[in-house]
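Undergrad: sequence and predicted model, in that order:
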Amino acid sequence: MKLNKQNLTQLAPQVRLPAYAIADTRQGIAHIGVGGFHRAHQAYYTDALMNTGEGLDWSICGIGLRAEDRKARDDLAGQDYLFTLFELGDTDDTEVRVIGAISDMLLAQDGAQALIDKLASPEIRIVSLTITEGGYCIDDSNGEFMAHLPQIQHDLAHPDAPQTVFGFICAALTQRRAAGIPAFTVMSCDNLPHNGAVTRKALLAFAALHNADLHDWIKENVSFPNAMVDRITPMTSTAHRLQLHDEHGIDDAWPVVCEPFVQWVLEDKFVNGRPAWEQVGVQFTDDVTPYEEMKIGLLNGSHLALTYLGFLKGYRFVHETMNDPLFVAYIRAYMDLDVTPNLAPVPGIDLGDYKQTLVDRFSNQAIADQLERVCSDGSSKFPKFTVPTINRLIADGRETERAALVVAAWALYLQGVDENGVRYRIPDPRADFCRALVADDALISQRLLSVEEIFGTAIPNSPAFVAAFERCFASLRDKGVAETLKQLLANLH
């Protein structure tokens, strides 16, 4: 059955449908970067709220700034912007649910002014973002906005025909300010530390170059709540679409698959209203920092610790690594000995339970999360997810061998061939740059660790860490992943 409004009532009884009339919804959110995660997370929570009969004025208008967003828009438009959320887990409590929280999607390629007008319209009170870690144009080595980038320079020169999120938001806020329309909240849902503060810094840096008065107005009138977001959402494959069709009879051009677990901790800092998401499980807080550090250190850090080692071993899915007892033992040691001692207490969270939940989630066979997805953009992920842990280990004079192995695995992975001789691509915008760093084994530690925007200054200046890195790299190259892990784990006892 093709998914659209007309066919909703004919879907199988086990498929959960919107409990609200989609025609009764009105837009309140514009979301830039409609992908799997946004649909499995923010759109999921908004739909859940609408199912209670509330929040019908918070429907989402999607915004696509990239050429590849056209297919996403066309797929959604072809089914009245409905999509299926297909939970995959190893238990029976998963759900299949049609979500109606997105009501339109506009593309920058179809005309910048129409998009600016949408963002400037009074009904849009939140502009949310999933633009990836690299989309904020912040230099990881110094935390400064990279104004020299060609796309930023273009937007500064052509404010009426922007290409970036900063150009569009500033153009819209300029119109709102001129018309006396209140500002909107800018809400990042990207997986990076202090995402609201990063967004604020980047937007204000752009605005200062664009118009000093606008900069001051944004500083005074726009809020940027920090958020911790979490739900494993693999790329939707043809196999997932066929599985949804065969098991539930739904023909959906772009369903979203995800794990049953979902979490959103959000600072309650909104300047123009917000949905009552707390009614459907979102945790509002004054300070998201402890939750963020827990998740980034334990979940994202452990993901990186698994992914390059797993890929080198020849595995291609996260659950395959977790079927290997060596990987489980290594991840538990990394979480318990290297990350947990750095964490402050997290209100309402038992860290022991949380770590076990992560092991269970990573072991989810049904979701078949691709290691390639987790491997992607390593040059952006390391400074956020792994380097802070290493810096703390160095500062405290603690052992760095397990953490050094994470970096060594990435270095060997960047050479593009696993230990079975299988060649693969490196999914990273800076792939050529990174590959050049590891082209000569004799110079790897010198070249790779000295890249300040990735590793900072403490790591290359720590003889103990550099020596640990070189030991781990040589062991991975000469003995392979399994033997290296066995040796590392033997030294724990």
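TA: That came through fine. Numbers count the residues shown, from 1 in each chain.

Undergrad: hey, let's count contacts and neighbours off CA atoms from now on
TA: Will do.

Undergrad: pLDDT weak spots in this structure?
TA: 493 (pLDDT under 70).

Undergrad: give me that answer again for 90
TA: 90-93, 132-134, 139-143, 191-193, 348, 368, 380, 429, 491-493 (pLDDT under 90).

Undergrad: the residue most central in space within it: what secondary structure?
TA: Centroid-nearest residue in the chain, with C-alpha atoms, centre = their mean: N191, separated by 3.9 Å. Assigned with DSSP: H, G, I helix; E, B strand; the rest coil, N191 falls in the coil class.

Undergrad: tell me how many other residues surround N342.
TA: By other C-alpha atoms under 10 Å, 16 other residues sit near N342.

Undergrad: mind listing what it touches?
TA: Residues near N342 by C-alpha atoms under 8 Å, 6 or more residues apart in numbering: T389, R392.

Undergrad: what do you get for D47?
TA: P18, I99, G100, A101.

Undergrad: mind putting the residues you listed into JSON lines with secondary structure?
TA: Below are the contacts of D47 laid out as JSON lines (three-state DSSP):
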{"residue": "P18", "secondary structure": "coil"}
{"residue": "I99", "secondary structure": "strand"}
{"residue": "G100", "secondary structure": "coil"}
{"residue": "A101", "secondary structure": "coil"}
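
Undergrad: between the residues you listed, which has the most around it?
TA: That'd be A101 among the contacts of D47, by other C-alpha under 10 Å, with 31 neighbours.

Undergrad: out of the contacts of D47, who's nearest I124?
TA: Set against I124, the nearest of the contacts of D47 by C-alpha to C-alpha is A101 (14.4 Å).

Undergrad: that closest one against T46, yeah?
TA: Yes: because the distance of 6.3 Å satisfies C-alpha atoms under 8 Å, A101 is recorded as touching T46.

Undergrad: and for those two, which residues touch both?
TA: By C-alpha under 8 Å, 6+ apart, A101 and T46 have these common neighbours: S59.

Undergrad: re the thing from before, need the contact list for the residue nearest to the centre of the chain.
TA: Counted by C-alpha under 8 Å, 6+ apart, N191 has contacts T132, E133, M228, V229.

Undergrad: and for E372?
TA: T307, F311, R316, F317, P427.

Undergrad: narrow those residues to those in helices?
TA: Among these, the members found in helices (DSSP state H) are T307, F311.

Undergrad: pull out the buried members of the contacts of E372.
TA: T307, F311, R316, F317 (16 or more other C-alpha atoms under 10 Å).

Undergrad: which stretches in the stretch 51-200 of the chain count as helices?
TA: All helices of the stretch 51-200 of the chain, identified by DSSP state H, counting those that start in this stretch, fall at 69-77, 112-120, 150-157, 165-179, 195-210.

Undergrad: compare those helices and give me the one nearest A403.
TA: helix 195-210 (24.5 Å).

Undergrad: distance from the chain centre to that closest one, please.
TA: Computed by C-alpha atoms, centre = their mean, to the nearest Å, the chain-centroid distance of helix 195-210 equals 19 Å.

Undergrad: which of the residues in that helix are buried?
TA: 195-207, 210.

Undergrad: dump the contacts of N191 to CSV, plus neighbour count and distance to P13.
TA: CSV is the format used below for the contacts of N191 (neighbours: other C-alpha atoms under 10 Å; distance: C-alpha to C-alpha, whole Å):
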residue, neighbour count, distance to P13
T132, 15, 36
E133, 17, 39
M228, 27, 34
V229, 22, 31
